[in-house]
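J.: Quick one, what's the 3D model for this:
(one chain, ligands or ions: 1)
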Amino acid sequence: MEEVQASFSYKAHVLVLPFHGQGHMNPMLQFSKRLASKGIKITLAATLSATKNMPPQVGSISLEPIYDDLTHGGLDGADGLKGFIDRFQEIGSRNLRDLITKSQSSKYPIKCLVYDANLPWSLDVALGLGIMGAGFFTQSCATIATYVDMIEENSLESKKPLRSLEELGLVNMPDMGSSTGRYPSLMSFLLGHFDNIDKADWVLFNSFDKLEEEVVKNLMKLYEVRTIGPTLPSMYLDKRIEDDKDYGFNLYQSTGDTCINWLSTKERGSVVYVSFGSAARLSAEQMEEVAWALNESDANFLWVVRTSEENKLPSSFKEQISEKGLMVTWSPQLEVLSHEAVGCFVTHCGWNSTVEGVSLGVPMVAMPQFLDQFSDAKFVEEVWEIGVRPKGDDSTGLVSRKTIAECIKQVIQGERGEKIKRNASKWKQLARVALEEGGTSDRNIEEIVAKIVSN
Ligand code: UDP
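T.: Numbering: from 1, shown residues only. You can find the predicted model right below:
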């Protein structure tokens with residue numbers, strides 16, 4: 001943890017601890033940059049495979065490996081998510097304790113831990129060492145409110161105010177419930193995040209107040225909730241952080257120039273960008289329907305199919321696509337979404353992708369695959385009205401090529417498409433306002449910084 005500039009004086013030192021995964025590193029790294037821009041020294045502690053793909057320093061942010069996740073095969077190791085989580089806790093908590101303790105005799109002792117809500121044990125370590133702790137959720141406020149409802153349903157604790165979410169029509173319990181029922185061990189892990197969260201000084205969300213207004217108000221009755229998003233690099237939003245061109249890091253090999261050069265040959269709004277994020281695994285049948293929907297639609301398409309998913313593509317599909325299509329294994333998503341050629345985002349509605357689509361004003365076709373993605377899709381279609389969700393088969397959930405193609409058409413052309421585009425521009429503007437000086441997220445970040453500094 002070397003100091004960046006000898007003459008420069010930091011206001012305080014904050015340790016940021018993301019979970020392993022693209023959807024965790026991205027928002028927490030961007031939030032770190034915001035804190036750093038306000039004079040905070042940041043150390044970002046990440047798993048070894050994440051830090052290996054990052055330079056030792058991102059701007060003024062120093063990186064420290066906290067856990068050698070690759071030793072046992074990482075998240076894909078033989079003992080699955082549970083093994084990964086348990087080992088992370090056992091080894092990571094020792095390393096975390098060492099990192100914080102070592103800093104106490106340095107010029108800038110760590111005063112606060114911003115931890116990924118997937119790592120609740122780290123809050124206990126921080127509080128045990130007498131520093132502040134802020135939980136960071138990488139899902140929406142609505143999703144978290146739903147989890148709190150679920151805890152209450154099992155009558156673990158009475159947290160009455162949240163039931164009103166369903167009454168407000170903001171959370172579709174049947175959707176979430178049917179998905180969560182399929183993943184009982186994952187659900188008990190997710191609900192475990194709440195065991196100690198009320199001890200956290202803040203509970204942070206990559207969201208902004210207007211985006212989930214009622215939900216934020218409700219959640220604030222329970223926790224010290226602060227929205228600090230959207231967590232995109234400043235160059236895409238308010239340009240308040242100097243030299244913020246660096247996108248961050250990628251766990252995957254990006255095909256950046258290929259995508260942007262190709263997009264630059266296409267007309268404004270003529271390209272459908274398709275990505276199911278870093279983790280979703282579509283069935284071979286669903287891949288086939290997406291493939292033919294794209295090939296048969298009038299629009300151009302840029303489709304991200306991760307290397308591990310490529311074997312599900314229809315045989316010879318890649319050879320058949322003409323100039324109108326480009327397939328890559330990973331894209332620079334923010335650059336792509338902000339490119340004028342892109343007119344529609346077919347997305348799995350992971351929370352980061354959803355917020356990115358909202359903040360960059362791109363109309364969406366929402367194809368959720370599991371857990372919180374269903375409630376994100378509901379917000380896209382029904383609350384913000386910035387996209388459509390193709391309906392799948394009642395029993396199998398399979399979305400047909402015809403339905404996908406129709407939804408793409410609706411978003412890109414026609415009356416509904418015009419309304420969706422107007423709404424998308426409105427939300428893009430509101431996202432910017434939230435982060436600009438005096439905006440709700442900016443004020444929240446200022447408040448957090450002031451409290452850490454004065455503590
Ligand atoms: N992403 C990217 N290139 C891709 C696909 C995804 O950079 O080809 C990024 C995307 O911008 C987002 C993150 O990976 O920040 C995925 O997070 P999200 O919450 O959307 O989905 P998850 O991968 O966690 O399911």
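J.: So which bits of the stretch 201-350 of the chain are right by the ligand?
T.: By the rule Cβ under 6 Å from any ligand atom, the part of the stretch 201-350 of the chain lying against the ligand is Ser275, Gly277, Ser278, Ala279, Ala280, Val304, Trp330, Ser331, Gln333, Leu334, Gly350. C-beta here means a position set from N, CA and C on the backbone, and glycine is covered the same way.
J.: Which of those residues are buried? Put it as a ChimeraX command.
T.: What follows is the ChimeraX syntax selecting those of those that are buried according to 16 or more other Cβ atoms under 10 Å:
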select :275,277,278,280,304,330,331,333,334,350
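J.: For Arg432, list the residues it contacts.
T.: Leu237, Asp238, Ser359 (Cβ atoms under 8 Å, 6 or more residues apart in numbering).
J.: Does Leu222 touch Tyr147 like I think?
T.: No. The criterion here is Cβ atoms under 8 Å, and Leu222 misses it with Tyr147 at 11.6 Å.
J.: So between those two, which is more surrounded?
T.: Counted by other Cβ atoms under 10 Å, Leu222 and Tyr147 do not tie: Tyr147 has more neighbours, with 21 against 18.
J.: residues in contact with the more buried one?
T.: Neighbouring residues of Tyr147 by Cβ under 8 Å, 6+ apart: Leu190, Leu191, His193, Phe194.
J.: next one: Lys428
T.: Going by Cβ under 8 Å, 6+ apart, the list of residues near Lys428 reads Val358, Ser359, Leu360, Gly361.
J.: hmm, who's touching the lengthiest helix in the chain?
T.: For the chain, the helix that runs over the most residues, judged by DSSP state H, is helix 80-103. For helix 80-103, contacts defined as Cβ under 8 Å, 6+ apart pick out 1, 13, 15, 17, 20, 43, 45, 47, 64, 66-69, 72, 74-75, 77, 109-110, 113, 118-119, 121-122, 125-126, 129, 131, 185-186, 189.
J.: I'd like to know which of those residues are buried.
T.: Members of the contacts of helix 80-103 classed as buried by 16+ other Cβ under 10 Å are 1, 13, 15, 17, 20, 43, 45, 47, 64, 66-67, 69, 74-75, 110, 113, 118-119, 121-122, 125-126, 129, 131.
J.: Could you tell me which of these belong to strands?
T.: His13, Leu15, Leu17, Thr43, Ala45, Thr47, Glu64, Ile66, Tyr67, Ile110, Leu113 (DSSP state E).
J.: I'd like to know how far the closest residue to Asp79 other than its chain neighbours sits from Asp86.
T.: Leaving out its chain neighbours, the residue that sits closest to Asp79 by Cβ to Cβ, 6 or more residues apart in numbering is His72, at 7.1 Å. Distance check for His72 against Asp86: by Cβ to Cβ, to the nearest Å, it reads 10 Å.
J.: what's the answer for Gly361, then?
T.: Distance, Gly361 to Asp86, using Cβ to Cβ: 42 Å.
J.: Equivalent analysis for Asp79, please.
T.: 8 Å.
J.: now Leu360
T.: 38 Å.
J.: what sits against the residue of the stretch 251-400 of the chain found nearest the ligand?
T.: When you check the stretch 251-400 of the chain against the ligand by Cβ to the nearest ligand atom, the closest residue turns out to be Gly350, at 2.3 Å. By Cβ under 8 Å, 6+ apart, the contact list for Gly350 reads Gly23, Gly277, Ser278, Ala279, Ala280, Gln373, Asp376.
J.: Report all helices and strands that the host helix or strand of the last one contacts.
T.: Assessed by DSSP states H and E, Asp376 sits inside helix 373-378. Helices and strands in packing contact with helix 373-378 are listed as helix 141-153, helix 173-181; criterion 3 or more Cβ pairs under 8 Å, 6 or more residues apart in numbering; DSSP states H and E.
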